[in-house]
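Q: Fold the following and give me the result.
(one chain, ligands or ions: 1)
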Amino acid sequence: MVIKKIAILFSGEGSNLEKLLAALHNQVFEHCQIEVATTICNRPNAAGIEKSRSYGIEPLIIDHTLYGSREAFDEALVEAIHRSGAELTVLAGFMRFLTPYFTQQVKAINLHPSLLPLFKGGNAIKESFDSPMKIAGISVHYVSEELDGGEIIAQRCFEKSEGMNLEDFEAKIHTLEHELLPETVKNLLNRN
Ligand code: GAR
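A: Next up is the predicted model:
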């Protein structure tokens, strides 16, 4: 059985990290077994750290505040990812801009809480909620040099319902994310 290794990068709550670990780590599929080779977090107090530990994976903390430049931080990330042997890196709530140093050396996908190319950037949920659009959704895309601008791999959408508040809206986004991200990673790797 071919083992395919992934790296997961996160910054905060880690709910998507947890869903990825539950659905994929050491799971056997038709064409491969997926192994989460490393988890990496840039914030030493992130709640997701404990979630990773609960799956027996001690996260690597690479604190961006300890690096003098974005490139120096990205160098540390790239080195750790390459060392892990991961062939695919999954950004699951990883809240840092990445430089070309990273994007040119690492094959990575990102989860974004809007229907790209709409509502790029760090305020996507609120902007999408406040927009006059009747639908909203989520995207998984390849990471490129352009923020939230790489090729779209998969999306899910839903209708905004009457009386939905921001909290309900966010919960709906997370529910869809928790299904789509593991499914997309599996589909990308479980091939001949
Ligand atoms: C998710 O909603 C993800 O789409 C978003 O951060 C959240 C992380 O939640 N990512 C971005 O906004 C990237 N620009 P989690 O820590 O519970 O997985």
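
Q: Would you mind listing what in the chain touches the ligand?
A: 10, 12-17, 48, 92-93, 111-113, 122, 124, 174, 177 (CB under 6 Å from any ligand atom). No exception for glycine: its C-beta is placed from N, CA and C like everyone else's.

Q: Show the buried residues in these.
A: 10, 12, 14-17, 48, 92-93, 111-113, 124, 174, 177 (16 or more other CB atoms under 10 Å).

Q: Going along the chain, name the strands of the protein.
A: For the chain, the strands defined by DSSP state E occupy 3-10, 27-28, 33-41, 60-61, 88-91, 108-112, 135-142, 152-159.

Q: how about a markdown table for those, with mean pLDDT and distance to residue 167 added?
A: Shown next, in a markdown table, are the strands of the chain (pLDDT from 0 to 100; distance: least, CB to CB, whole Å):
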| stretch | mean pLDDT | distance to residue 167 |
| --- | --- | --- |
| strand 3-10 | 98 | 22 |
| strand 27-28 | 98 | 32 |
| strand 33-41 | 98 | 26 |
| strand 60-61 | 98 | 30 |
| strand 88-91 | 98 | 25 |
| strand 108-112 | 98 | 20 |
| strand 135-142 | 98 | 14 |
| strand 152-159 | 98 | 15 |
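
Q: what's the spacing between residue 170 and residue 121?
A: 16 Å (CB to CB, to the nearest Å).

Q: Tell me which of these two has more neighbours.
A: residue 170 (14 against 11; other CB atoms under 10 Å).

Q: check contacts around the residue nearest to the more buried one when sequence neighbours are not counted.
A: Leaving aside its chain neighbours, residue 170 sits nearest to residue 125 (5.6 Å; criterion: CB to CB, 6 or more residues apart in numbering). Neighbour list for residue 125: 113, 114, 166, 169, 170, 173 [criterion: CB atoms under 8 Å, 6 or more residues apart in numbering].

Q: likewise residue 107?
A: Taking CB under 8 Å, 6+ apart as the test, what residue 107 contacts is 87, 88, 89, 142.

Q: still on that earlier bit, for residue 65, state which of the buried ones among the residues of the chain next to the ligand is nearest.
A: residue 12 (15.1 Å; CB to CB).
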